[in-house]
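Peer 1: Any chance you could fold what I've pasted below:
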Amino acid sequence: MGEKNVCIGMKAKNGYNEKGQTMVEYVLIIALIAIALIASIKLFGKNVHKSYKAASDKVEDTVGVSYYNSRQQADSTADAQVSPTGE
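Peer 2: Just a heads-up that it's a prediction; the model follows:
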């Protein structure tokens, strides 16, 4: 008879455990994805930031107030509506 390499579950008949091999393959795939993600952020990060900043500035100019200033104004209005006696 020839050598049989039939898998039963995750363990081959020849005694090798293929579960560890599969896990290593997944780790390598995740590592490659992480490297690609980091490289793309490094490559495109500044351009994306500039685009979002330009869009934010345009909205701010259109509305006339920035998000930060509107939050400060809302907080100060809420503080002014609370009475000093707590009623």
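Peer 1: make it CA atoms for all contacts and neighbour counts henceforth
Peer 2: Noted.
Peer 1: Just the pLDDT at Glu87, thanks.
Peer 2: pLDDT recorded at Glu87 is 53.
Peer 1: what helix or strand is Val59 on?
Peer 2: helix 18-63 (DSSP states H and E).
Peer 1: Poorly predicted segments of this structure, please.
Peer 2: Within the chain, the segments meeting pLDDT under 70 span 1-19, 65-74, 77-87.
Peer 1: mind exporting stretch 44-63 as CSV, just the C-alpha atoms?
Peer 2: Output in CSV follows, covering the C-alpha atoms of stretch 44-63 (Å, rounded to 0.1, in the frame of the first residue of the first chain):
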residue,chain,number,x,y,z
PHE,A,44,-2.2,58.5,1.7
GLY,A,45,-2.6,59.8,5.3
LYS,A,46,-1.6,63.4,4.7
ASN,A,47,-3.7,63.7,1.5
VAL,A,48,-6.8,62.3,3.3
HIS,A,49,-6.2,64.7,6.2
LYS,A,50,-5.9,67.7,3.8
SER,A,51,-9.1,66.7,2.1
TYR,A,52,-11.1,66.4,5.3
LYS,A,53,-9.6,69.6,6.6
ALA,A,54,-10.6,71.4,3.4
ALA,A,55,-14.2,70.0,3.6
SER,A,56,-14.4,70.9,7.3
ASP,A,57,-13.2,74.5,6.5
LYS,A,58,-15.8,74.8,3.7
VAL,A,59,-18.6,73.7,6.0
GLU,A,60,-17.4,76.0,8.8
ASP,A,61,-17.4,78.9,6.3
THR,A,62,-20.9,78.0,5.1
VAL,A,63,-22.4,77.6,8.5
